[in-house]
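*Asks:* Sequence first, then the predicted structure, then my questions.
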Amino acid sequence: MKKNYPKGLLLYGFLCIIMSLKSYANTVDTLLMKPGIYEQDLRKFYRYYNDKNNGGIINAIKELNVGNFLKNTHDVVLNQPSTPTPYWIALYIKNDTSISFPITWNFYEDGITFTLFDITNPQQPQKLDSFSTTTPTDKRGLAVRSVSFKVMLPAGETIKLLAKCSITTANQMYIPTDVTTPDDILLYEMDYSFLVGKFFGFFLFALLFNLLVWCFTRTRLHLYQFLYILSISSFNVIELLYDAMLFPKWIHHLFVLIPKSTFLALSIFFAINVFEQFTELKATYPAIYRNIQWLKIFVLFLVCLFTVPLCILPNNHHIVLTIRNYTTLLTLCSYLIFIAFILIGCIKKNLLHLFYLVSASPILLGFISFVLNGYFRFKIYHIEPGNMMVGLAIELLLQTLFFSYRYYFLNRKIYTLEEDKFEIERTASQSVMLAQEMERTKISEDLHDQLGNDFIGLKLLSEKLIRINKAKGFPIDENLFAEMKTTINEMASNIRFIAHALAQIQIEEKGIFALIKSRIELLNNNCQTHFTFQHEGNPETLSNISKITIYRIIIESINNIVKHAEATNATLILSINDVAIGIVAKDNGKGFNVDNLIKGIGLYTIKARTEAMKGKITINSALGKGCTISISIPTEFHKNFQS
């Protein structure tokens, strides 16, 4: 006979089966532990629960028993949105051996406080310990960078652990975790710290290098680069949990109050300043420069959003957490806008923009992976010891190359500008000297042709006057007429001397050495100073303008000695070789105080002519010890200085 079951009974049985399956799915699998054998993937062993009512340990045990703890099916790590209420993680561990040994449950995340309970006896849960990465290492169970709880695992027994995770400054409930032994975690941390130490050593070198360069050169580029490396390194110190190990306690207590995303925003601000200085943005693209100033203000506003709410509300307040999450996303957007500005210059084929984009690409990828992994649980890639740290190292290496090229480029540009300036000054000096010599030649011709002829006429007229007076029998003062004739001859001779001194043709015909000798011979016969002239080299290798200028310098030096030195002896030296032209004028006169040098004594003219020929002048003198003027003029200048 066929039995008919009530429909309600069938429905009740179906629901019971479903609930049983759900309860089974959410039960905690037991992790079997043996020394030297560790499970890297804990997803299938632990369960988690968001205690939205913040009911405490008793409520968490209750929720665990009724199967409300969930299995992590998406990620190797627990990655959930931030919330002011705590998360609980349950893990059962069984010692699958006949000996007792210690284990450590390790958590690798900053900004979260972890509290561990032993709930093997659910009626009497035991609080084992509570701390975070902000806890000084000497107050932790193990002196390692991670939050590591040391638990003794009895032989053949199972212990039930429940960890409470409460957000303090973290943006997400992102919790990488594993279970090992104390020896294993210490060995791992030693190897990991050795790897990280290489990177931090490189960053420290880059910091000191940029700081020293800025101290010596006061170049803003290196100051901003120093602050950029400092900011992004601070982020990496917190991200990799080394803040408690690197900083003294009094610094660490202040350091942990700042969310790591603050340093991320600061690094973007300083990166923008580095970009401006590196590309000379203000001069090359004024429009981009003006717009990027607004971006810098916005980034500073984001820095304030990270820090100001912490001064008003608790770290884990839902308003603070919400602001922090959205501010981090806005930080990513600001960085992408910054990259867009760089791309504009790349589109315009600016080589420095392209260099900066290439160097910033590794850190950009690390930043994007940090945000996508933390907020959207989308993992692009991972390179040990961290994407941001590796990206920064590559960026600094590339920037070293590109900065070197920039300095080479700027030096070449400055060198070209100096060459152009030198050519302009040389052309101007040549034009001035040519104009002066043309004017002097004209004056000398006028003196020689007009005044010279007038003196000859005056001499002939005086002689005619004497003959007429003698013919008429008038008395004549022969001495007076002889003196007048002598005076006229001397005046005519002086006019010819001045005309010859002014004329360029005298140097071309007689040569500079012979012309100086003739002037000195005249002076030695008519003044109290005895001059000695020494010379060497071939003056024909010099252009006419150069020879004239050198002649003017020597004549001015002679005139200064005659007028002011009151010397008895003076020496002039002119040396010409393939490297330089050397001029020395030395006397044993009364000398003067060089510090109180007066332009009116004629040295100003010598200095001006020397500088016009790119030469250097040195004056050594003291009261009562004579004077020595040394001039050195590069020969290369004169080979290119065409008349």
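*Replies:* Arrived safely, thanks for sending.

*Asks:* And this protein, what are its domain boundaries?
*Replies:* 28-180, 193-419, 511-643 (automatic domain parsing).

*Asks:* Compare the mean pLDDT across those and name the weakest.
*Replies:* Here the lowest mean pLDDT among the domains of the chain goes to domain 511-643, at a mean of 82.

*Asks:* What residues does the residue lying closest to Gly386 once chain neighbours are set aside make contact with?
*Replies:* Residue nearest to Gly386 in three dimensions, not counting chain neighbours: Leu240, with 5.9 Å by Cβ to Cβ, 6 or more residues apart in numbering. All C-beta spots, glycine's among them, are computed from the backbone N, C-alpha and C. Taking Cβ atoms under 8 Å, 6 or more residues apart in numbering as the criterion, Leu240 is in contact with 145, 196, 385-386, 389.

*Asks:* Return a ChimeraX selection command for the buried portion of those residues.
*Replies:* Buried residues within the contacts of Leu240, by 16 or more other Cβ atoms under 10 Å, are selected in ChimeraX with:
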select :145,196,385,386,389
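
*Asks:* So which of the contacts of Leu240 is the closest to Pro81?
*Replies:* Gly386 (22.6 Å; Cβ to Cβ).

*Asks:* For that closest one, list the residues it contacts.
*Replies:* 236, 239-240, 366.

*Asks:* Try it again at 10 Å.
*Replies:* 196, 199, 236, 239-240, 366, 369-370, 392 (Cβ atoms under 10 Å, 6 or more residues apart in numbering).

*Asks:* same deal with Leu254?
*Replies:* Leu254 neighbours (Cβ under 10 Å, 6+ apart): Phe247.

*Asks:* any idea how far it is from Ile112?
*Replies:* Noted for Leu254: a distance of 19 Å to Ile112, by Cβ to Cβ, to the nearest Å.

*Asks:* Repeat that for Ser100.
*Replies:* Separation of Ser100 from Ile112 (Cβ to Cβ) stands at 30 Å.

*Asks:* Leu623 too?
*Replies:* 82 Å.

*Asks:* Those two: which is more packed in?
*Replies:* Neighbour count, other Cβ atoms under 10 Å: between Leu623 and Ile112, Ile112 has more, with 25 against 9.

*Asks:* Work out for me the element the nearest residue to Leu365 once chain neighbours are set aside sits within.
*Replies:* Nearest non-adjacent residue to Leu365, counting by Cβ to Cβ, 6+ apart: Gly391, 6.3 Å away. Assigned by DSSP states H and E, Gly391 belongs to helix 387-446.

*Asks:* All the strands of the stretch 151-300 of the chain, residue numbers only.
*Replies:* Here the stretch 151-300 of the chain has its strands, by DSSP state E, counting those that start in this stretch, at 158-167, 172-175, 177-180.

*Asks:* of all the domains of the chain, which lies closest to Ile488?
*Replies:* domain 511-643 (18.4 Å).

*Asks:* how far out from the middle of the chain is the closest one?
*Replies:* Relative to its parent chain, domain 511-643 has a centroid offset of 47 Å by Cα atoms, centre = their mean, to the nearest Å.

*Asks:* Kindly confirm my reading that Asn316 is in a strand.
*Replies:* No: with DSSP: H, G, I helix; E, B strand; the rest coil as the criterion, Asn316 is coil rather than part of a strand.

*Asks:* Okay, and Leu357 sits in which element?
*Replies:* Using DSSP H and E, the element containing Leu357 is helix 351-375.

*Asks:* which other helices and strands contact that helix?
*Replies:* strand 78-81, strand 172-175, helix 220-239, helix 260-279, helix 281-284, helix 318-347, helix 387-446 (3 or more Cβ pairs under 10 Å, 6 or more residues apart in numbering; DSSP states H and E).

*Asks:* Distance to Arg467 added to the domains of the chain, as a markdown table?
*Replies:* Listed next are these as a markdown table, based on distance: least, Cβ to Cβ, whole Å:
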| stretch | distance to Arg467 |
| --- | --- |
| domain 28-180 | 122 |
| domain 193-419 | 70 |
| domain 511-643 | 33 |
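
*Asks:* name the element Asp129 belongs to?
*Replies:* Per DSSP H and E: strand 126-131 holds Asp129.

*Asks:* How about Ile99, nearest residue that isn't a chain neighbour?
*Replies:* Ile99's closest residue in space is Ala155 (Cβ to Cβ, 6+ apart), at 5.4 Å.

*Asks:* Backbone dihedrals for that neighbour, please?
*Replies:* Main-chain torsions, Ala155, degrees, to the nearest 10: phi -60, psi 130.

*Asks:* Next: Trp105.
*Replies:* Per-residue torsions, Trp105: phi -100, psi 120 (degrees, to the nearest 10).

*Asks:* Tell me, how many residues neighbour it?
*Replies:* Using other Cβ under 10 Å, Trp105 has 25 other residues around it.

*Asks:* For the remainder of this discussion, apply numbering that starts at 11.
*Replies:* Sounds good: first residue 11 from here, last item Trp115.
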